[in-house]
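Asker: Sequence plus the predicted model coming up.
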Amino acid sequence: MQQTSKFSRSLLLVWLALVLSLSQPFPVSAGFNVWTRIGPEGGWIYAMAINPNTPTTLYAGTYGGGVFKSTDGGASWSAVNTGLTNLYVWDLAVDPTAPNTLYAGTYGGVFKSTNGGTTWSATGAGPTAVRALAIDPTASNTLYAGTYGGGVFKSINGGTNWSAVNTGLTNLNVNALAINPNTPTTLYAGTYGGGVFKSTDGGATWSAVNTGLTNKQVWALAIDPTAPNTLYAGTYGGGVFKSTNGGTTWSATGAGPTAVRALAIDPTASNTLYAGTYGGGVFKSINGGTNWSAANTGLTNLYVRDLAIDPTTPTTLYAGTLGGVFKSTNSGATWSATNSGLIATYIRSLALEPGSPNTLYAGTSGDGVHKSTDGGATWNAVNNGLTNPHVYALAIAPTTPPTLYAGTLGGVFKSTDGGATWNAVNNGLTNPYVYALAIAPTTPPTLYAGTLGGVFKSTNGGASWSASSSGLTNLNVYALAIDPTNPNTLYAGTNGGGVFKSTNGGANWSAFNMGLTNLNVYALAIDPTNPNTLYAGTNGGVFKSTNGGANWSAANSGLTNLNVKALAIDPTTPTTLYAGTDGGGVFNSTNGGTTWSAFNTGLTNLYVYALAINPTMLYAGTWYGGAFALQHRARVYLPLVLRNP
């Protein structure tokens, strides 16, 4: 009877342990010491292209993430980058006669696929920094590449060979190309600062055609398919201009769009056209540009880089934005994001909510803040009131409810409702380029902002700021860290000036660089149990100090990539730390930086700019590859052994 009682107690203990383990919500299905990509979906979409024969097949060219393909009208996407050795895609062009053949214009030249993107190969030498592509509709082996700095290149054999065709092209910074569909030897080049140039001999010679074009920063061109002498030029700052005589003269269209990056014309009703703008979303005209109206319902990212219209169903169109692809099926009346599987986001900052280990925030460049309450399994954009989408720093005050701050390239924003709404808090913040934020742990209304104009301090939760840079001889502050036991002691990492220390809450600073042989400091981390121990991440590796920054020594053994952008210390075992590098992925040290080893299983993007950690999970934010999650410590321990009584 006694044995049975012992067995019952043991069984009860096991049951309780199991219940406790199950009560802890697990985030995404990240493996133990294996990285899993978790999103958020989206990215900088610089180019869109549609298969003209099968319009549900479309392509998205991303900046940094390569090419993605959808075969279901944007409902789902998959990366198609085999052989595409340069992932910075500025333009895409589909062969109109053989739509499985397509070209990608990248920083590294033109790439070609003959199997719908399954594989790519570099075309012949010649063009680099390619911003525009155009294919002759009657002879598809003839194509043109507009480059930034190199002018226009032409190939007559499908990209096998290229030759520069710049006679008369006095501005070689080409952003856009357009071909007359009826007379393909007539083409136009839109340049940055030089306006529009025209060739009537297939690029052999060019002449400027800018009469009436009062803004010469041309980013987009579009030709009326039914009346090719009518064309439009989208300019950056001057709106849309129209010519009805093949570019001989231009006139400004109606008010509305200004910073125009994309143009698209309805092929069945050419008076209907769309302008994609940088910051203003999409504008629509139904009378050839005489009048414009904003068409942004549902378009949550207003930075539009490209537009594409379904040629068979022109009421369906796509917008490539800095926050992914959006689709409209009613001529722009409403939009919805359509990015499933498309992960090319640039994560600049990560933050975990105190007391809620599965609540994670990701600050992106271009698409604001995204929030997950399940450790990255699902995400939602939380940008209401966040008027600058480039979030380089996040900080969460341990208040109830938590107060969230976002440092952007347009100042500091504050949210007291978990990111649902934001308000700018920039009174006194005279430099808006915020690269770092730090909150005093014991007095959360006190916070610091590291900017390209030094350090600013607020003692009232951001309501007002004052410069706090006395003694800071380098004002490019990229990192901040506060002593967890003495909030008046803080450190600033600068780009070029090394580490500075203040012991009076930022009133005065002194350089603390003895032994710090690389002064480009991008990350700082303090040992939570021994605040005299701190680490600096530089583009010369990791440096360690054990005396509050008075002396530093390199701690790089095994660190094969020395360009360190992020650091994270295990809160449970502070001798374990992680370094995120620019091109080498994540490195792990279990002995306080004495030795390092690569920690990249499953990490398909090795450009790591942000790290966040809690006792069980590690998160990494990458350069145009989204965020990754890894379980670095087991969450469930059942040390009980049952024996049959």
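Answerer: Sure thing, it's come through.
Asker: Quick check: N175 touching Y188?
Answerer: No. The criterion here is CB atoms under 8 Å, and N175 misses it with Y188 at 11.5 Å. The way it works is simple: take the backbone N, C-alpha and C, and place the C-beta from them, glycine included.
Asker: so what sits against both of these two?
Answerer: Listed contacts common to N175 and Y188 are nil; contacts here mean CB atoms under 8 Å, 6 or more residues apart in numbering.
Asker: pLDDT score for the residue nearest to the spatial centre of the chain?
Answerer: Nearest to the geometric centre of the chain sits Y346, at 2.6 Å (CA atoms, centre = their mean). Looking at Y346, its pLDDT reads 98.
Asker: Could you verify that N518 is part of a strand?
Answerer: No. The assignment for N518, made by DSSP: H, G, I helix; E, B strand; the rest coil, is coil rather than a strand.
Asker: and the strand or helix carrying Y188, what other elements does it pack with?
Answerer: Per DSSP states H and E: Y188 is located in strand 187-191. If you count contacts as 3 or more CB pairs under 8 Å, 6 or more residues apart in numbering; DSSP states H and E, strand 187-191 packs onto strand 130-135, strand 174-179, strand 195-199, strand 218-223, strand 231-235.
Asker: returning to that earlier point: beta partners for the nearest residue to the residue nearest to the centre of the chain once chain neighbours are set aside?
Answerer: Spatial nearest neighbour of Y346, chain neighbours left out: S365 (4.3 Å); criterion: CB to CB, 6 or more residues apart in numbering. With DSSP bridges applied, S365 shows beta-bridge pairing to H390.
Asker: quick one, what contacts L172?
Answerer: T147, G149, G150, G151, N166, T191 are the contacts of L172 under CB under 8 Å, 6+ apart.
Asker: 10 Å - rerun?
Answerer: By CB atoms under 10 Å, 6 or more residues apart in numbering, L172 lies in contact with 146-152, 164, 166, 189, 191-192, 194.
Asker: Next: N86.
Answerer: 66, 104-111, 120, 122, 128, 130.
Asker: what's the burial count for S545?
Answerer: 24 (other CB atoms under 10 Å).
Asker: What confidence value was assigned to it?
Answerer: On pLDDT, S545 comes in at 98.
Asker: my guess is A481 is in a strand, correct?
Answerer: Yes. Assessed with three-state DSSP, A481 lies in a strand.
Asker: Quick check: it vs T576, distance?
Answerer: 18 Å (CB to CB, to the nearest Å).
Asker: Tell me which of those two has more neighbours.
Answerer: Taking other CB under 10 Å, A481 and T576 do not tie; A481 has more neighbours (24 against 18).
Asker: For the more buried one, give the beta-bridge partners.
Answerer: Once the bridges are assigned, which here means DSSP bridges, A481 pairs with Y491.
Asker: show me what contacts it?
Answerer: A481 makes contacts with 436, 438, 448, 489-493, 499, 501, 523-526, 531, 534-536, 567, as judged by CB under 10 Å, 6+ apart.
Asker: So which of the residues you listed sit within helices?
Answerer: Members of those lying in helices (criterion: DSSP state H): none.
Asker: Mind telling me what element the residue nearest to V130 when sequence neighbours are not counted is part of?
Answerer: In space, and not counting its chain neighbours, V130 is closest to G105: 3.4 Å by CB to CB, 6+ apart. Using DSSP H and E, G105 sits within strand 102-106.
Asker: the inter-axis angle of that strand versus strand 130-135?
Answerer: Using axes from the mean of the first three to the mean of the last three CA atoms, to 10 degrees, the direction of strand 102-106 lies 160 degrees away from that of strand 130-135.
Asker: what does the average pLDDT come to for strand 102-106?
Answerer: Rounded to a whole number, the mean pLDDT of strand 102-106 is 98.
Asker: other SSEs contacting it?
Answerer: Under the contact criterion of 3 or more CB pairs under 10 Å, 6 or more residues apart in numbering; DSSP states H and E, strand 102-106 touches strand 45-50, strand 58-62, strand 66-70, strand 89-94, strand 109-113, strand 130-135, strand 143-147.
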